[in-house]
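S.K.: need a structure here:
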Amino acid sequence: MDPIYSSTELAEKISWYSALLLALMLVLSCCESAQSHDDEIMVGLLKKEAVKKPCDEIYVVREGETLHTISEKCGDPYIVEENPHIHDPDDVFPGLVIKITPFNYR
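M.R.: Sure thing, here's the model as predicted:
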């Protein structure tokens, strides 16, 4: 049969379990923040590598990009000449597929 606890004993047990749960949550949150810091460092390294990587031959325009920014980023000053489907250089939109040939490969 289950033991019968007085209200004081029951309150003490609940208090201890609550304290243990709180301590466990605190420890886990510290580990999580350390993990998120490591993730931030990793993302920063990946971004730096992505900047060093030359553009692929087929490039998809992203939000906020212009032919000028893509030209600087990829090293291709002749994007308009190589892409006859671009009739108006000012009419560039996200999702537009263009051919890139970096200047150093010419």
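S.K.: which stretches of this protein aren't confidently modelled?
M.R.: Of all residues in the chain, those with pLDDT under 70 make up the ranges 1-2, 31-38, 42-54, 103-106.
S.K.: helices of this structure, start to end?
M.R.: 7-52, 67-74, 79-82 (DSSP state H).
S.K.: got the buried residues for the shortest one?
M.R.: I take that to be helix 79-82. In terms of neighbour count (16 or more other CB atoms under 10 Å), helix 79-82 has its buried residues at residue 79. C-beta coordinates here come from the backbone N, C-alpha and C atoms, glycine included.
S.K.: packing partners of that helix?
M.R.: For helix 79-82, the elements it packs on are helix 67-74, strand 97-99, judged by 3 or more CB pairs under 8 Å, 6 or more residues apart in numbering; DSSP states H and E.
S.K.: adding distance to residue 61 as columns, could you present these in a markdown table?
M.R.: What follows is the helices and strands packed on helix 79-82, written out as a markdown table (distance: least, CB to CB, whole Å):
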| stretch | distance to residue 61 |
| --- | --- |
| helix 67-74 | 7 |
| strand 97-99 | 7 |
